[in-house]
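*Asks:* A predicted structure for the sequence below; I have some questions about it.
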Amino acid sequence: MNAHRGSAVLSSATLTVPSATTGLTENHRLRLFSGSANLQLSQEVARYLGMDLGPMIRKRFADGELYVQIQESIRGCDVYLVQPTCQPVNDHLMELLIMIDACRRASARQITAVIPYYGYARADRKTAGRESITAKLVANLITQAGAGRILAMDLHAAQIQGYFDIPFDHVYGSPVLLDYLVSKQLQDIVVVSPDVGGVARARAFAKKLNDAPLAIIDKRRQAHNVAEVLNVIGDVKGKTAVLVDDMIDTGGTITEGAKLLRQEGASQVYACATHAVFSPPAIERLSSGLFEEVIVTNTIPIPESDHFPQLVVRSVANLLGEAIWRIHEDSSLSSLFR
């Protein structure tokens with residue numbers, strides 16, 4: 001393994017790919033295709049791998065049905081399909097299933113669904129009677145469509161990996177977020193989990209920030225997308241608080257947490273999340289002046305209309321590209337995050 005590749009994934013800059021990688025795409029029949037959900041991210045991944053996205057036709061019939069056709073031979077190829085299931089979730093999920101089916105019927109040797117953002121993940125268990133476990137349902141749909149492997153980033157619940165009976169590679173956006181935070185040289189950092197369920201994530205994040213202290217926000221959720229914050233467990237007074245979560249949806253949890261941190265004496269508040277879902281009224285909440293910066297990645301495309309002065313978007317394209325390269329070469333992924 002070239003040392004340059006292993007260290008470069010922590011940077012969001014576009015990298016120069018060794019010539020061996022270009023040869024790999026030709027000799028080992030690696031093919032990369034993109035759905036319509038996040039074409040820019042797919043193009044960046046392709047650029048990192050030193051290849052072009054495969055040609056594909058996507059269109060809709062008059063009644064809204066989706067149509068997909070692969071425009072080159074992929075017989076015997078290892079195919080990687082990049083498609084986050086972000087909003088409109090149902091359309092992008094269905095497009096992914098159709099792409100997988102098209103590749104299976106075209107005799108691809110191996111089909112890997114690269115899902116930077118895995119939708120329907122919040123219903124990962126039954127918390128009341130007569131509920132659906134949609135995270136498992138989506139896993140069944142993807143598997144039955146013909147995917148042979150999954151590559152996903154920062155699942156809402158890690159146990160979703162076990163819902164699949166095919167190989168599942170789970171990667172993390174934290175190296176990209178950490179790289180940016182380290183570059184800012186912040187002082188007196190305390191990493192804050194916005195709820196008890198995110199403690200493991202926040203602890204791992206804090207460990208990589210020179211073993212920064214950890215604080216936890218105790219909250220009670222009374223309904224979906226509605227959070228009631230109660231108190232802070234830990235010392236944040238006079239410190240730079242970094243709130244860490246896997247996603248920001250409506251922004252209720254993280255903004256209520258930021259208000260409480262300010263009340264408890266935090267000098268600065270930063271928000272970090274891998275997935276910028278940003279459902280209304282997230283933009284209004286996040287741009288209200290509570291945060292010095294809101295740092296997210298580009299697993300989900302953010303329209304220009306949703307940008308605000310505090311928003312910082314970091315690319316995970318290099319990290320995903322490196323993960324694809326290592327999967328294709330049967331190399332270790334875990335070493336990316338040590």
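*Replies:* Great, that's in hand. Residues are numbered from 1 along each chain as shown.
*Asks:* for the protein, where's the lowest mean pLDDT among helices and strands?
*Replies:* helix 3-8 (a mean of 40; mean pLDDT, DSSP states H and E).
*Asks:* which residues in the stretch 51-200 of the chain form strands?
*Replies:* Along the stretch 51-200 of the chain, the stretches classed as strands by DSSP state E, counting those that start in this stretch are 56-60, 66-70, 78-82, 110-115, 149-153, 168-171, 189-193.
*Asks:* Need those strands in a markdown table (columns: mean neighbour count and distance to residue 290).
*Replies:* Heads up, the C-betas are built off the backbone N, CA and C, glycines and all. Shown next, in a markdown table, are these (neighbours: other C-beta atoms under 10 Å; distance: least, C-beta to C-beta, whole Å):
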| stretch | mean neighbour count | distance to residue 290 |
| --- | --- | --- |
| strand 56-60 | 12 | 40 |
| strand 66-70 | 16 | 40 |
| strand 78-82 | 26 | 33 |
| strand 110-115 | 26 | 31 |
| strand 149-153 | 21 | 26 |
| strand 168-171 | 18 | 30 |
| strand 189-193 | 26 | 13 |
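*Asks:* okay, these in CSV with mean pLDDT and distance to residue 217 next?
*Replies:* What follows is the strands of the stretch 51-200 of the chain, written out as CSV (pLDDT from 0 to 100; distance: least, C-beta to C-beta, whole Å):
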stretch, mean pLDDT, distance to residue 217
strand 56-60, 96, 42
strand 66-70, 97, 41
strand 78-82, 98, 34
strand 110-115, 98, 29
strand 149-153, 98, 24
strand 168-171, 97, 25
strand 189-193, 97, 6
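*Asks:* would you turn those into TSV with distance to residue 308?
*Replies:* Formatted as TSV, these follow (distance: least, C-beta to C-beta, whole Å):
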stretch	distance to residue 308
strand 56-60	31
strand 66-70	33
strand 78-82	27
strand 110-115	27
strand 149-153	24
strand 168-171	28
strand 189-193	21
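*Asks:* so where is the stretch 1-150 of the chain shaky, pLDDT-wise?
*Replies:* For the stretch 1-150 of the chain, applying pLDDT under 70 flags the ranges 1-28.
*Asks:* And the helices in it, which stretches?
*Replies:* In the stretch 1-150 of the chain, the helices defined using DSSP state H, counting those that start in this stretch lie at 3-8, 19-27, 39-49, 89-105, 134-145.
*Asks:* Any idea which of these gets closest to residue 114?
*Replies:* helix 39-49 (7.9 Å; C-beta to C-beta).
*Asks:* What segments of the stretch 201-338 of the chain are strands?
*Replies:* Under DSSP E, counting those that start in this stretch, the stretch 201-338 of the chain gives strands at 214-223, 226-233, 240-248, 268-276, 293-297, 311-314.
*Asks:* Adding mean neighbour count and distance to residue 120, write those out as TSV.
*Replies:* Converted to TSV, the strands of the stretch 201-338 of the chain look like this (neighbours: other C-beta under 10 Å; distance: least, C-beta to C-beta, whole Å):
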stretch	mean neighbour count	distance to residue 120
strand 214-223	16	18
strand 226-233	15	20
strand 240-248	25	13
strand 268-276	25	13
strand 293-297	25	20
strand 311-314	18	24
